[in-house]
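>>> need a structure here:
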Amino acid sequence: GKADTENKHRSLATFKDLEAEGKTLYIKIPCSDQPQPILLKLAEDLQPVDKETQMDEWDNVLVPVVPLHFP
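Alright, predicted model coming up:
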């Protein structure tokens, strides 16, 4: 990602050459005691847009999280 020059509190992630079809977005959390990571669905049917697209408000916002381990 890179800094959003117009909105200092945000960053921008750009994906190139996506097919024009809905995408499902997951966060993948590795587990130290399990062979498979935990997959958490964040959003469904996300539609790619041109990188120059401007909107007053986007339908999706991703908030970064840090998974913690509690014994």
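
>>> From now on I want contacts and neighbour counts done on CA atoms only, so please keep to that.
Noted.

>>> Lys41 is in contact with Lys23, isn't it?
No. Lys41 is beyond contact range of Lys23, at 11.1 Å (criterion: Cα atoms under 8 Å).

>>> out of these two, which sits in the busier spot?
Lys23 (14 against 11; other Cα atoms under 10 Å).

>>> What about the nearest residue to Pro30 once chain neighbours are set aside, how many residues nearby?
Excluding the flanking residues, the one nearest Pro30 by Cα to Cα, 6 or more residues apart in numbering is Pro37, at 4.3 Å. Neighbour count of Pro37, defined by other Cα under 10 Å: 13.

>>> Likewise for the one 3 residues further on?
If you count neighbours by other Cα under 10 Å, Leu40 ends up with 11.

>>> Report pLDDT for it.
pLDDT, Leu40: 89.

>>> gap between it and Trp58?
Remark: distance between Leu40 and Trp58 (Cα to Cα, to the nearest Å) = 21 Å.

>>> and what of Ser32?
From Ser32 to Trp58 the distance is 35 Å (Cα to Cα).

>>> Phi, psi for Ile29 please.
phi -110, psi 110 (degrees, to the nearest 10).

>>> Bridged to it, which residues?
Ile38 (DSSP bridges).

>>> Any idea which helix or strand in the chain has the lowest mean pLDDT?
When each helix and strand of the chain is scored by mean pLDDT, DSSP states H and E, strand 2-3 comes last, with a mean of 63.

>>> Rounded mean pLDDT for the helix or strand following that strand, please.
On the C-terminal side of strand 2-3, the closest following helix or strand by DSSP states H and E is strand 11-12. For strand 11-12, the mean per-residue pLDDT is 71.

>>> Who are the packing partners of strand 11-12?
In this structure, strand 11-12 packs against strand 2-3, with contacts taken as 3 or more Cα pairs under 8 Å, 6 or more residues apart in numbering; DSSP states H and E.
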